[in-house]
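Asks: Need a 3D model of the sequence below.
(4 chains)
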4 protein chains.
Amino acid sequence: MGNTFGKLFKISTFGESHGKALGVVIDGCPAGLEIDEEFIKAEMQRRKPGQSKITTQRKEEDEFQILSGVFEGKSTGTPIGIVIANEDQKSKDYGHIADKFRPSHADYTYFEKYGIRDHRGGGRSSARETAARVAAGAIAKLLLKHYGISIQAYVSQTGDLKLEKQYTELDLSLTETNIIRCPDPEMAEKMITFIDEVRKNRDTVGGMVTCVAKNVPAGLGEPVFDRLHAELGKAMLSINAVKGFEYGSGFEGIKMKGSEHNDAFYKDGDRIRTKTNHSGGIQGGISNGEDIYFNVAFKPVATIMQDQESLNEDGETVTISGKGRHDPCVVPRAVPIVEAMTALVLADYLLISRSNKL
Amino acid sequence: MGNTFGKLFKISTFGESHGKALGVVIDGCPAGLEIDEEFIKAEMQRRKPGQSKITTQRKEEDEFQILSGVFEGKSTGTPIGIVIANEDQKSKDYGHIADKFRPSHADYTYFEKYGIRDHRGGGRSSARETAARVAAGAIAKLLLKHYGISIQAYVSQTGDLKLEKQYTELDLSLTETNIIRCPDPEMAEKMITFIDEVRKNRDTVGGMVTCVAKNVPAGLGEPVFDRLHAELGKAMLSINAVKGFEYGSGFEGIKMKGSEHNDAFYKDGDRIRTKTNHSGGIQGGISNGEDIYFNVAFKPVATIMQDQESLNEDGETVTISGKGRHDPCVVPRAVPIVEAMTALVLADYLLISRSNKL
Amino acid sequence: MGNTFGKLFKISTFGESHGKALGVVIDGCPAGLEIDEEFIKAEMQRRKPGQSKITTQRKEEDEFQILSGVFEGKSTGTPIGIVIANEDQKSKDYGHIADKFRPSHADYTYFEKYGIRDHRGGGRSSARETAARVAAGAIAKLLLKHYGISIQAYVSQTGDLKLEKQYTELDLSLTETNIIRCPDPEMAEKMITFIDEVRKNRDTVGGMVTCVAKNVPAGLGEPVFDRLHAELGKAMLSINAVKGFEYGSGFEGIKMKGSEHNDAFYKDGDRIRTKTNHSGGIQGGISNGEDIYFNVAFKPVATIMQDQESLNEDGETVTISGKGRHDPCVVPRAVPIVEAMTALVLADYLLISRSNKL
Amino acid sequence: MGNTFGKLFKISTFGESHGKALGVVIDGCPAGLEIDEEFIKAEMQRRKPGQSKITTQRKEEDEFQILSGVFEGKSTGTPIGIVIANEDQKSKDYGHIADKFRPSHADYTYFEKYGIRDHRGGGRSSARETAARVAAGAIAKLLLKHYGISIQAYVSQTGDLKLEKQYTELDLSLTETNIIRCPDPEMAEKMITFIDEVRKNRDTVGGMVTCVAKNVPAGLGEPVFDRLHAELGKAMLSINAVKGFEYGSGFEGIKMKGSEHNDAFYKDGDRIRTKTNHSGGIQGGISNGEDIYFNVAFKPVATIMQDQESLNEDGETVTISGKGRHDPCVVPRAVPIVEAMTALVLADYLLISRSNKL
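Replies: Residues are numbered from 1 along each chain as shown, chains lettered A, B, ... in the order given. Just a heads-up that it's a prediction; the model follows:
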């Protein structure tokens, strides 16, 4: 259970970090969409390990193969099956933790839930699983692009280093110009230095990703349980290491008065718009045509290069020694994942909204 | 679309604030559960308007009727249909805003989405809809109680007044002893005074609700998309006026190092436990047996007793004058709603988890 | 579980035969549809008991109340909640069978499944449950009518009396002119006489309903599992007492050669059509624009006015004596139910098909 | 849409006949199940083409690869991804029909629905898609076997040759002893001769498969829409070329009186059983512990080795000439497919039934 996401643009993923392959089935991509494989590849590159000194040094090319659902370069309306082989299956790396519960990993909970676990590198709970999401998200992005919708995420915080500027004050086109994916070059420098230090201390640190969706038409979102921001929140919270989600005014909204927070409507040519956007582009769970923006909080990566005390499956005290090649901070590689999940939600709601009126 | 929540313990709600009635169908409540109507009534009382000077003065008794699924006091396994009549249908109160878009309400988005809207008091987007959730949530709570699981929420912030103590330092049994539902009596006093002032200024303010679930067995939660906290997050974000969700370390986790954040395992008698609980009782999306706790951020209520400029359906500039009887702050009445949605998620995952092993 | 039907035009029903009320929530009816209550009432009349000497003599008016989702006569896009009160709750009629398992009823299986059962008149397994389907189906019919699609069902067999003519050779407008709902007046007479005799013998008999949907656009149906005919089949088999379903050539198709069975394409003006229609309007699970037609087999009603040997909940041998007022043959009242379920399937697939292309 | 089946034991399939590969993701297989690959292979062999002179002569080995969800021979509770490569991609065979609509195939309806189609051998509408079902069904069978449930299907009719004996009068262990898969050796001979003749006449013919599930516990099936037989019906009708489904007394039940049809309860040791089984093991949509049995009607294969007149995408009259290697009758190879779909339904309902009681 739990490996399917979406209602009309629906994905089902599978695969463990050290099994033969990961994959995803996309069911419900409308027919006739041009499937640009180069674009999918580029998106995969943004997520893949080994990109820079502040990400894991693991080398994986994340090559994918489209097995079905595309004919002569276009989607046919049938399920698009994608497989991503696991090249780097060094499961021997994990022999030393085979029966141990790594702190703040999913080892213990998987074992309790299923009575069995694939202990090779986290198995299904590994962040490697997100490769399949990025592949599917790339196709969702192509669909959204067809309708003029764009999504851009960036790193807005690591540790105490927080970008105080709003997205509206930043040049988001600079995001991909540095290895931390922060559109403020000065802050980017600081963040990179900071993470590198953390890494040298054999430790890890948390971070935040901010995401903006522009040109989303008014009317997406299904009240009352499937509000647009509720589904976006679920999508984000389903990403490994995410601990929090807020949209529009978010937690800051708690401190505001209604008279400050309310977004006044005005006429902008033919279009109805709001002067401020504390609503984050969503009112009553439905998009209002303004920019949708939200923040996603990531905890520090649980694998640290230090000895930690823990228990094994027999309940005995053991020492876990950090090994392998892991990310000191998850956010640079989380940016394309946040975008992918956002695209999947918007693509789904775009199709659902076609059934709202006669 | 969007009015159904849950997979095995599934609810479908209906009803507008000023229509004939609200209601809910609960499909999947296991047979043999004692349905304590007095308990449901008590839960409804906690949510109903007119409780105190800091909530709306609207009087509604929220009397419910169980139409099916219960026989001789016990659930039969068939759907439980519940209807809650709308006594106070003063839709004339809303004549003055019939064709106007109230700022930061759902008027405009519903109109854009459906091309038509029930303008009487918010219609489906009214917080009145949550009465049906509380009724259903009460039954979910009865199911959880049967298995020893308890849920307690409380107000932890309004405006700048923030309870700095963690839930572990508070006596949660004091929550219901004051009208703001804050378990710290001193802070409660301050919050009440503050909200009353806001009300007198014809304004509104945001707030935060913290929720704790105790005695949840390890193993609930379905990776990878339906992680327990992802579904809890969606549930919370589906409540009117919610802008953010965080669990465990939440947004504070961003600033932490892995070496501080990791929760070390230890043996407590026969039980495997963690020394700290930054994980918020959930690891890899699956409960680990520790307390589950999270925060929910609410924005200020959009209806303020002040004149606001806005637009009508023809795009003309109009003035909206605050009328009616509204909450100056949503959080006191949100406490039982947060608990209800939490109960619905846990009841659902409890049933789903029965299919995890042979 | 199991009380929800449909994906985008989705219904959830509730209610036992002798509880307070039945009801249905329709989630996903597009906004702006004129909800003609007189039409719904007329459909309910076609299903209600006590219509004629060959149906049960039970008197129930089946008055429904729309509680939500309709504003000023039109659907608003929010869930339409409908309640149908149970007037005739003579549960005392059932005291004599309270702990007995009636042969070929659901008494034993409900008891085994849930460990508890509402023994008053079948509870949830009663055919009374179909009243809610007919109410929802009437709204689906209104949606289909808006798009020019019509559905007509009729009785084509009872016992050995089988209408050999195909629907194409009959004047379906005669269906409602007789109490058996058979469009061949001569055969109708025979069937009525036959059923009346069966009734006098304190027995019951099976029957068949044939259904035709005209003007269904090409393109409805979702391969591979949700083929249009698969969902129609499920819908029909979900009706009480149904034992079989066949569409197009059906079981007769077994005997045919490919060279006879294949439907040759030809051009009819601008339209692509088929010369024959053994496909029953569906090819590869997708409608092709030709008439959709199918047969539904109903077993004899299980309640007979004769003594039968059986067991009680303690496993003791008991005698069940037929009492109450039951149908000698279910098909006349099944006609509107078959139509309702057909309408629900087509309405759902019509909305789903909007997501097939860019 | 439409490529997912099941709720808790859920499969999603993908793949076209002449694409790179077919596959299936099984989400919800309980952890700890021994995954016997030899058994899966054997099931695949029963379905594969080229088995005998009365099936297509196409050679495909249908080799599958399990990519995930199995660790050290056991299911882990995570999704089981399976891929089956298409070896025999002679899409050149289909150049001659690229823009033509083959009669009674899905060419025209796919084109209408999606505006585009993969014309190589039927693409997604090809019966090759069922290979993925058989692989998934084999795993469902392993789960059922663990609980002592068995499923056996056989050919009961081809053309006019109908096995008049009930399954209870046959030795089902003989089914696999002949190439037609009919447990009556004499009838099997006749059927083989008949189909071979049909083949020589360059024609095809329909057939029937009967299926029996033994040792199904009482209590499976979810009223009211998801009755066990309704879901079985849908499962069968989702198989290529199926035109009808009946269970228990089926269409013959139409002719019966209630007094004959009712299955009397009696005590068999500690067990409550029925003397007859017209109910087909299902009452009120819920299994009662007796054998479940049903019939599935298959139409003649649409591809015949004869010239047929048809239309192309431009609406011009064209001649379709039968080519390639096709089955003269689908039923011998349909036997394992019917079993697979039955296993998938029962596995799903077995898991769902765990949530019925406290």
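Asks: Listing request: residues of chain A with sub-threshold pLDDT.
Replies: A:88-94, A:324 (pLDDT under 70).
Asks: Please enumerate the helices of it.
Replies: Here chain A has its helices, by DSSP state H, at A:37-47, A:107-114, A:130-146, A:185-200, A:228-237, A:258-261, A:331-352.
Asks: Quick check: residues of chain A near chain C?
Replies: For chain A, the residues in contact with chain C (C-beta under 8 Å from any C-beta of the partner chain) are A:7-9, A:28, A:30-33, A:77-78, A:143, A:146, A:223, A:351-352, A:354-358. In short, each C-beta sits where N, CA and C put it, glycine included.
Asks: Buried members of these into ChimeraX, please.
Replies: ChimeraX command restricting the residues of chain A next to chain C to the buried ones, with burial defined by 16 or more other C-beta atoms under 10 Å in any protein chain shown:
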select /A:7,8,9,28,30,31,32,33,77,78,143,223,351,352,354,355,356,357
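Asks: Within reach of chain D, which of the residues of chain A next to chain C are there?
Replies: A:8, A:28, A:31, A:32, A:77, A:78.
Asks: between the residues you listed, which is closest to chain B?
Replies: Proximity of these to chain B (C-beta to the nearest C-beta) peaks at residue A:8, which lies at 9.8 Å.
Asks: quick one: that closest one and residue C:28, what's the gap?
Replies: Note on residue A:8: its distance to residue C:28, by C-beta to C-beta, to the nearest Å, is 12 Å.
Asks: Verify the contact between residue A:40 and residue A:64 for me.
Replies: Yes: under the criterion of C-beta atoms under 8 Å, residue A:40 makes contact with residue A:64 at 6.8 Å.
Asks: joint contacts of those two?
Replies: residue A:135 (C-beta atoms under 8 Å, 6 or more residues apart in numbering or on different chains).
Asks: Can you name the residue of the stretch 201-350 of chain A nearest chain B?
Replies: residue A:284 (2.3 Å).
Asks: so what's that residue up against?
Replies: Here residue A:284 is in contact with A:221, A:223, A:227, B:105, B:106, B:109, B:110, B:125 (C-beta under 8 Å, 6+ apart).
Asks: Closest to chain D out of the residues you listed?
Replies: Looking across the contacts of residue A:284 and measuring by C-beta to the nearest C-beta, the closest to chain D is residue A:221, at 20.3 Å.
Asks: Give me the phi and psi for that closest one.
Replies: Note on residue A:221: its backbone torsions stand at phi 120, psi 140 [degrees, to the nearest 10].
Asks: wait, what's in contact with it?
Replies: A:227-229, A:231, A:282, A:284-287, A:349, B:2, B:109, B:113.
Asks: what do you get if the cut-off is 6 Å, keeping everything else the same?
Replies: Neighbour list for residue A:221: A:227, A:228, A:285, A:286, A:287 [criterion: C-beta atoms under 6 Å, 6 or more residues apart in numbering or on different chains].
Asks: Filter these down to just the buried residues.
Replies: For the contacts of residue A:221, buried by 16+ other C-beta under 10 Å: A:227, A:228, A:285, A:286, A:287.
Asks: Rebuild those as a markdown table, extending it with distance to chain D.
Replies: A markdown table is the format used below for the buried ones among the contacts of residue A:221 (distance: C-beta to the nearest C-beta, whole Å):
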| residue | distance to chain D |
| --- | --- |
| A:227 | 23 |
| A:228 | 21 |
| A:285 | 23 |
| A:286 | 23 |
| A:287 | 23 |
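Asks: What is the nearest of those residues to residue B:295?
Replies: Proximity of the buried ones among the contacts of residue A:221 to residue B:295 was ranked by C-beta to C-beta; the top entry is residue A:227 with 18.7 Å.
Asks: how close does the residue nearest to the closest one when sequence neighbours are not counted sit to chain C?
Replies: Leaving aside its sequence neighbours, residue A:227 sits nearest to residue A:285 (C-beta to C-beta, 6 or more residues apart in numbering or on different chains; 2.6 Å). Distance, residue A:285 to chain C, by C-beta to the nearest C-beta, to the nearest Å: 12 Å.
Asks: got it, and residue A:334?
Replies: Relative to chain C, residue A:334 is positioned 30 Å away (C-beta to the nearest C-beta).
Asks: Excluding sequence neighbours, find me the nearest residue to that residue.
Replies: Nearest non-adjacent residue to residue A:334, counting by C-beta to C-beta, 6+ apart: residue A:209, 5.4 Å away.
Asks: ok, now residue A:29?
Replies: Among residues not flanking residue A:29 along the chain, residue A:75 sits closest, at 4.9 Å (C-beta to C-beta, 6+ apart).
Asks: who's in contact with that neighbour?
Replies: If you count contacts by C-beta under 6 Å, 6+ apart, residue A:75 has them with A:29, A:31, A:33, A:35.
Asks: Kindly state the beta-bridge partners for it.
Replies: Beta-bridge pairing of residue A:75 under DSSP bridges involves residue A:70.
Asks: sorry, back to before: reformat the contacts of residue A:75 as CSV; add distance to residue D:265.
Replies: Below are these laid out as CSV (distance: C-beta to C-beta, whole Å):
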residue, distance to residue D:265
A:29, 52
A:31, 53
A:33, 58
A:35, 59
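Asks: Closest one of these to residue B:52?
Replies: Nearest to residue B:52 among the contacts of residue A:75, with distances taken as C-beta to C-beta, is residue A:29, at 52.1 Å.
Asks: closest point of the stretch 201-350 of chain A to chain C, which residue?
Replies: Closest point on the stretch 201-350 of chain A to chain C, by C-beta to the nearest C-beta, is residue A:223, at 7.5 Å.
Asks: Get me the contact residues on the stretch 101-250 of chain A for chain D.
Replies: Residues of the stretch 101-250 of chain A found near chain D (C-beta under 6 Å from any C-beta of the partner chain) are A:114, A:115, A:116, A:118, A:124.
Asks: and the closest residue to the fourth one other than its chain neighbours, how many neighbours does it have?
Replies: Same thing as residue A:118. Excluding its sequence neighbours, the residue lying closest to residue A:118 (C-beta to C-beta, 6+ apart) is residue D:71, at 4.1 Å. For residue D:71, the neighbour count with other C-beta atoms under 10 Å in any protein chain shown is 20.
Asks: All set, thanks.
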